[in-house]
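In: Provide a 3D model corresponding to the input given below.
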Amino acid sequence: MNNIYISPVVKNLLIINILFFAATYLLPQLHLDDLLAVYYFDSPKFEIWQPISYMFMHGGLAHIFFNMFALYSFGSILEQRWGPKKFLIFYFITGLGALFLQWAVQAFEVHQIVGSITASGKLNLSDLYNATDASPAQVKTLFGIYFGGMLGASGAIFGLLVAFGMLYPNAELLIMFIPIPVKAKYIIPVYILIELSLGVASIAGDSVAHYAHLGGALIGFILVKIWKDKNDTFYTLYE
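Out: Next up is the predicted model:
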C-alpha cells in the first residue's frame, strides 16, 4: 500500500477539506464552523446546504488529521477499483447516510421528550416546562440537539473503511498501539462494534456522533453488497 498514488478525486477531497479547515481558523469572523456544520432538520439553524457542507468541516487538528489520513490510506485504492465517478457517489451517499441515521436517533430522542419529532415551537424553556413533563436533563438534551451542530467527514470515512474491509479482507493494517499487522476483516468489525457500544452507552461529555459513524458504515456495507461483482478479479493484490 505504500506505493499507492493519490487518485484524482481523493486529492481534490483532501484539498477541499484542508482549505475549509484553514479558512475556519484564519477567518474566524465568518463563523464557518457554525454556518457550514449541519443541524437537526427542525432546528432554526438548519440550512439547505448543510447536509453537504458538514462533510468538509472539522473540529480540530486531530479530527481532520485522522479523517484525511484514512481518506488517503483507503480512498485511492477504492477509487482505482471503482473509478472516480462511482467513488465520489459512494463518498457522498455514505456521508448523507451518516447524517440521516444521526437525525433518526435525534428524532427519536425529541419524540421521547415532547411527543413529536418537531419541537421548534417549544424551544423556550418556560414553554417546555409548562407543556411537557421534561426534566432539566431532557431540556438540556433537546437544546443540544437543536443548537449543537455536527461536522466532519467521519461518516463517509467509515463507509470507506467498511468497503475496504469487504473488498480487501486480508489486507494487513498497522494499527496504533498494536505491534503487529492485523487483517482488515478482523480490525474493522471490532472498530464498528466499539462505535456501536459507545453510541448506546451515551457517555456524558462524549461529543462524538457515533450513530453518524454507524450510518456511514451501514450505507457503505449496503452499497458494496449491491455493487460487488462476485466475478471481479480487478485489483486482487490486497485480497
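In: separation between the residue sitting nearest the centre point of the chain and Ile117?
Out: Relative to the mean C-alpha position of the chain, the nearest C-alpha, by C-alpha atoms, centre = their mean, is the one of Gly155, at 1.9 Å. Computed as C-beta to C-beta, to the nearest Å, the Gly155 to Ile117 distance reads 21 Å. Where C-beta positions appear, they are placed from N, C-alpha and C, glycine not excepted.
In: that older thread, OK, contacts around the residue nearest to the centre of the chain?
Out: Gly155 sits next to Met55, Thr94, Gly95, Gly97, Ala98, Leu99, Ala209, Ala212, His213, Gly215, Gly216 when contact means C-beta atoms under 8 Å, 6 or more residues apart in numbering.
In: tell me which element it falls in.
Out: helix 154-167 (DSSP states H and E).
In: Which helix or strand lies directly C-terminal to that helix?
Out: strand 172-173.
In: Quick check: next helix or strand after the least confident helix or strand in the chain by mean pLDDT?
Out: Ranked by mean pLDDT, DSSP states H and E, the helix or strand of the chain with the weakest confidence is helix 125-131, at a mean of 58. Counting by DSSP H and E, the next helix or strand C-terminal to helix 125-131 is helix 136-147.
In: now for that next one, which elements pack on it?
Out: In terms of contacts (3 or more C-beta pairs under 8 Å, 6 or more residues apart in numbering; DSSP states H and E), helix 136-147 is packed against helix 84-114, helix 125-131.
In: Single out the most deeply packed of those helices.
Out: helix 84-114 (a mean of 19; mean count of other C-beta atoms under 10 Å).
In: For Leu142, see how far away the residue nearest to the centre of the chain is.
Out: 23 Å.
In: again with Ile77
Out: 42 Å.
In: In the contacts of Gly155, which has the lowest confidence score?
Out: The member of the contacts of Gly155 with the lowest pLDDT is Ala209, and it reads 74.
In: Count residues in the vicinity of that residue, would you?
Out: By the measure other C-beta atoms under 10 Å, the count of residues near Ala209 is 24.
In: Quick check: it touching Gln102?
Out: Yes - proximity of Ala209 to Gln102 meets the contact threshold set by C-beta atoms under 8 Å, at 5.4 Å.
In: need the helices and strands packed on helix 136-147 in CSV with distance to Ile178, can you?
Out: CSV is the format used below for the helices and strands packed on helix 136-147 (distance: least, C-beta to C-beta, whole Å):
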stretch, distance to Ile178
helix 84-114, 26
helix 125-131, 47
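In: Which helix or strand contains Arg81?
Out: Applying DSSP H and E, one finds Arg81 within helix 61-82.
In: packing partners for that helix?
Out: Using 3+ C-beta pairs under 8 Å, 6+ apart: helix 61-82 touches helix 8-26, helix 84-114, helix 154-167.
In: ok, back up a step: give me the nearest residue to the residue nearest to the centre of the chain, chain neighbours excluded.
Out: Ala98 (2.2 Å; C-beta to C-beta, 6 or more residues apart in numbering).
In: so what's that neighbour up against?
Out: Ser154, Gly155, Ala156, Phe158, Gly159, Ala209, Ala212, His213, Leu214, Gly215, Gly216, Ile219.
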